[in-house]
Every structure is written in structure tokens, then in C-alpha cells.
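*Asks:* what follows is a predicted structure for the sequence shown.
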Amino acid sequence: MPISDNPSLIREIIMDHYEYPRNKKLKEDQRYVKVNLDSESCIDNIDLQVLVEDNIIKDICFDGVACAISTASTSIMSELLKGKKVEEAKVIIENYLNMLHGEEYDEELLGEAAVFVNTYKQANRIKCATLSWSGLKDIISKDK
Amino acid sequence: MEINKYKEDYPFFKNNPEVIFFDNASTALKPKCVIEAVNHYYNDLCVNAHRGDYYLSYKVDVEIEKVRKDVAKFIDCEENEVAFSSGATESLNLIAEGYCKKILQKGDEILISELEHASNVLPWFKIAKETGAVIKYVPLENKRITVENFANAITPKTKVASFAYISNVLGYKIDAKKMCEIAHKHHIIFVLDGAQSTPHIPVSMKDLDCDFYAFSAHKLGGPTGVGVMYGKAKYLQDCDPLVLGGGMNKVIEKDGTYTVYNSVRKFEAGTPHIEGILGLGAIIKYIQKVGFAYIQKKEKELRDRALTALKKMKHIEVYNEDNEANTIAFNIKDVFAQDAASYFAKYNICLRAGQHCAKLTDGVMNTYASVRCSFYFYNTIEEVDKFIEVASKGSDFLDAYF
């Protein structure tokens, strides 16, 4: 059964990533590209750090204060996209953003990120679930 | 069920019967009379002000000046001390930029507090930078500005002091009259940000004796985009307008010289926010009809009931139970403020989450953000009980997301 059909699993995964976020520690390393992501419509404020080498996303980490949806989506993204080729990551991000905006997407590419499938029903949380993903997209698009 | 007769005056409740609106500190709902006043301008008048060549334009002028008179009565000052602005924010910018900047020199001190709204912080930062003046903060006592701490923070270099009469997030009221008296002994210009006080308590410029006062119409239930800057006439004389243009100048010469009106009109360049000003007039009359005695009694009743219940909940932390105002700032423990507000929103309860435009205040509360619940006299006990019921289950906050 896909994750998106299992509400209790969805809840469990989001809460787990919110309470125990992965990769939530910034690195003291000049090779990383760092961006601050904040939102004019809410108080989410995340610093995202990415290390891209040889066209591969070697590391993603973050820190900051943000809501459960924003924190969990960043944590899940960091796990899912770490080690991926930039081109692969771009496709995954595209599919993720499509899902968030109620457009066609391939759930198989998204792993745990599929837990945000119902966000489009809560328009005010779309921004939370896409803050870091859009930020990462900008970073790796610029890098090329 | 409690019948709140004032509710009937608000079309909002008819159009949104399921909504519980507890975000009154952000903006108040608009009664019918305000909407009618706005419509009156568009339906019946429609023409520009200050073009008294024909009857309708003359009538617009008369109605605008009538509101100025009503505002003067409302805050107990003279008509020539009331300038219309786009709101408290613009008023405070005008006070800082138009007047205070002119009296500040390098090393002079501007006294504010960590409880201030951004619009009572940033204009001071800006003019401090431009003049070389220094921003000083009155040390807080249990999150409050006390008269004593204010007096002790004054130095021979203090030239301006500016505080919210009632603070935006925590809702603490200052002893403005006493502080003003002390300020004047030291020849300090005393500015009051009245955005959160004007809707809830009667204010008298004559009694408070403050030098400047700012408020917004919309927080009382008037239109957005209109407000008032009060200034003592002697200071308004020397206060420069922020914006230049039509309707405020007397003479313009080709060589670049010009003169402006020697009245509050000099602050009102361009076509005024006419319908807004008429709406402001309507809300003032409405609030006076309701009366501050009733407003305060009702707000206290609602707040006390909510507070008593919240305090019994182990998963709720309240930051301002000892305040004088209509607000409760709280968090659901271990829940980010925005998640908490989304949770309440699922039950159609409108609360504000965040830093409430007072980013220095969070340091005072030891939290990054909080949820603010703020009442007005048209709210009801039933609404509070619904809020309490939802708050009591608040540990399950992610429900809102599913």
C-alpha cells in the first residue's frame, strides 16, 4: 500500500521527522552553499546548506525554527536527496512540487515525501511543505 | 445562549456564521455603519475634496472636517492637532521623521522598549542612524515597563521616548500619564503608540499630556488604510510633512521655493482617503455609543473565562495572565505557534501566530513565537467555551493537517 493511502503512517512519519529531524545541524565548511529561507506569510525561518560535488548532492543539512510541516518536509528532503545526482534530484523535486500543487506526479519517486500528499487541501500549509524544496531547487539550478 | 446585541451590527457574522474571530488585536470587524459610511461616499458624494467650487465637493470637505472634529472630541484634543494618516504606522514614521529627527543630535538618546511593535522600533532605528542618536531600551520588570525603570533610564541625553500605551503581544498598559510627566521634567518628547489602546480604553490627550499619539481606524472596526496622528499644536508647527503634493502647498515658484499650509493639512498631500475618513467618523460614533465601560466589562468577562480555563491545562503556557488588556499570549507546550494556530483554524477559530510584528518581544517571553487570542466586545461566552474545548484537546495538534 502506498504511504499516501495510510493516514496513521503519514502522521507517524511526519511526527517522527518533526520531533527527531535528520541532518538538522549546520556544517562549518566553506564548500557548502548556504541559503536562508523564510516566508513573508509565516514565521518559518530555515538555513539550508548543500554540498554539491561532481554533479552529485553530497550533503544537505539545515537548522532554524519552523512548524511541524516545514521541519518534517526539510528533514525528509535531506534524507531523500542526499547522494542523488543533480539531474535526478531535479526530477524528484519537480514531482514533489507537482504533488503539492495538485498536479500529476509519480509517487514512486518520492519515498517518504509522499506523506505530504494531502497538503493541497490546506492551502495555507503548502508554503510550509515547499519552503526548503523550492530553496534547494534554486540552489542546484544556479549551480549549473 | 447569550444574545450579544452588537453582533447583529456586523455583517461579517451573517456571512461567516461558523467563524470565531479572536484576532481582534490585528484588526477589528467592521459594523454596518462603517460600511454604510464608505458606501455613502461612493454612492452619494464621489467627488474630490478641497474643490469647493461646487456643492458636492464642498459637502465632502464639510464631512471630512466633521470627522476631524469628532476625532478631536474622541481623544480629547483640539481639531488643529488631528492629522489624518494611513494608520498608526505612517503616523509614527511621520512623528519620527518629520519632527523628532530635527531635534536629535549625535549621541542623543531615544528611549523605547522591547515590547514595541515594529512600527514603533524601525522609524527610530532609521532616524538614529541618520542623526547619530542612540536607541536605549527601558529595562523591563516582569515583562513590564515601570515608571521607576523609565525614570532611571533617562539621562541628560534622552530627547525622545516612545512607547505603546498598551503593548501589542502581551497587552501590558503603561502608566502613560506619570511617565509623560517625568519625561517633560527632562524636556523629553513623549510619544504614545495608541494602536492597541484606542479601541479599548478612553484616552484624553489633555489628561495624558503626551506630545504625539498615533492610532489606526481599522483596529476599532473602521476602514483599513486610515488613521490619525495627534501632535501638540506647537510641535506640529515645526513638523515637516513626509509627503509633498497637492492640497498642502500655498505658493510654488519656478525657482524651487514653496510654502506649505501652516495647519494639519500640510500632512495630507494628495487626494485624501475620503471614504476611509468618513468610515473613521462612523466607527468613532459607534464605539462611543457602545461605550468603553461596556467594552471593558465584556472583554474582561471573556478574557477571565478563557484564562481561568487555560491556566488549568497542563499543556498550555500563558505569558501574560497579569495584563490589563484583551489579549492572551500562549503556546501549546512543544507545539510550534503556527501549528497551534492551524489547529485552531481547523475549528474555525481565528488566532494569530507568530511574532506579531514585535520581534524584540519574544526575547522577553523566552519563546520564538506565540499564539495570540484577542477579544472585542462583540465576542461571546459561547465562542470562548468553544475555544476552551478546542484548546483542551490541543496536544493532538497535527489533526489540523489531516
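*Replies:* Yep, that arrived.
*Asks:* all contacts plus neighbour counts: C-alpha atoms, from now on.
*Replies:* Will do.
*Asks:* could you find the closest non-adjacent residue to the single nearest residue of chain A relative to chain B?
*Replies:* Checking chain A residue by residue against chain B with Cα to the nearest Cα singles out A:Cys67 as nearest, at 5.4 Å. On the basis of Cα to Cα, 6 or more residues apart in numbering or on different chains, the spatially nearest residue to A:Cys67 that is not a chain neighbour turns out to be B:Phe336, at 5.4 Å.
*Asks:* neighbours around B:Thr271, how many?
*Replies:* By the other Cα atoms under 10 Å in any protein chain shown criterion, the neighbourhood of B:Thr271 contains 12 residues.
*Asks:* contacting residues around it?
*Replies:* By Cα atoms under 8 Å, 6 or more residues apart in numbering or on different chains, the residues touching B:Thr271 are B:48-49, B:246-247.
*Asks:* can you tell me how far it is from B:Tyr55?
*Replies:* 18 Å (Cα to Cα, to the nearest Å).
*Asks:* same thing with B:Thr361?
*Replies:* Taking Cα to Cα as the criterion, B:Thr361 is separated from B:Tyr55 by 51 Å.
*Asks:* what's stretch B:165-173 in contact with?
*Replies:* In this structure, residues lying in contact with stretch B:165-173 by Cα under 8 Å, 6+ apart are B:25, B:115-117, B:144, B:174-176, B:192-194, B:196-197, B:319-320, B:323-329, B:355-356, B:358, B:361, B:372.
*Asks:* likewise stretch B:59-73?
*Replies:* Looking at stretch B:59-73 with Cα under 8 Å, 6+ apart, the contacting residues turn out to be B:45, B:47-50, B:52, B:78-79, B:81-83, B:274, B:277-278, B:280-281, B:284.
*Asks:* with stretch A:81-98 instead?
*Replies:* Outside stretch A:81-98, the residues within contact range by Cα under 8 Å, 6+ apart are A:55-60, A:104-107, A:109-110, A:113-114, A:130, A:133-134, A:137, A:140.
*Asks:* just the buried residues from the residues you listed, in PyMOL please.
*Replies:* To isolate in PyMOL the members of those that are buried, counting by 16 or more other Cα atoms under 10 Å in any protein chain shown, one can use:
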select buried, chain A and resi 56+57+58+59+60+105+107+109+110+113+114+130+133+137+140
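*Asks:* in strands, which of the contacts of stretch A:81-98 fall?
*Replies:* By the criterion of DSSP state E, membership of these in strands covers A:56-60.
*Asks:* now A:Asp38: closest residue in space that isn't a chain neighbour?
*Replies:* Counting by Cα to Cα, 6+ apart, A:Asp38 lies nearest to A:Asn45, which is 4.5 Å off, once chain neighbours are set aside.
*Asks:* beta partners of the one you found?
*Replies:* On the basis of DSSP bridges, A:Asn45 is bridged to A:Asp38, A:Val65.
*Asks:* hang on, isn't it packed against A:Ser39?
*Replies:* Yes - counting by Cα atoms under 8 Å, A:Asn45 sits close enough to A:Ser39 to count as a contact (7.1 Å).
*Asks:* between those two, who's got more neighbours?
*Replies:* Regarding A:Asn45 and A:Ser39, a neighbour count based on other Cα under 10 Å identifies A:Asn45 as having more, with 19 against 12.
*Asks:* can you check the pLDDT for the more buried one?
*Replies:* In this model, A:Asn45 is scored at 89, pLDDT.
*Asks:* show the contacting residues for it.
*Replies:* With contacts taken as Cα under 8 Å, 6+ apart, A:Asn45 has the following neighbours: A:36-39, A:64-66.
*Asks:* residue ranges of the strands in chain A, please?
*Replies:* The residue ranges that make up the strands of chain A, judged by DSSP E, are A:33-38, A:45-53, A:56-65.
*Asks:* quick one: the shortest one to chain centroid distance?
*Replies:* Yep, that's strand A:33-38 we're talking about. In this view, strand A:33-38 has its centroid 13 Å away from the chain centroid, taken as Cα atoms, centre = their mean, to the nearest Å.
*Asks:* nearest spatial neighbour of the most centrally placed residue in chain B, chain-adjacent residues omitted?
*Replies:* Central residue check for chain B by Cα atoms, centre = their mean: the C-alpha nearest the mean position is that of B:Ala195, 1.1 Å away. Counting by Cα to Cα, 6+ apart, B:Phe215 is the residue found nearest to B:Ala195 once chain neighbours are left out, at 4.5 Å.
*Asks:* tell me where chain A has helices.
*Replies:* Taking DSSP state H, the helices of chain A run over residues A:7-19, A:68-81, A:86-100, A:123-143.
*Asks:* winner for burial among the ones you listed?
*Replies:* Comparing these on average neighbours per residue, with mean count of other Cα atoms under 10 Å in any protein chain shown, the densest one is helix A:68-81 at a mean of 25.
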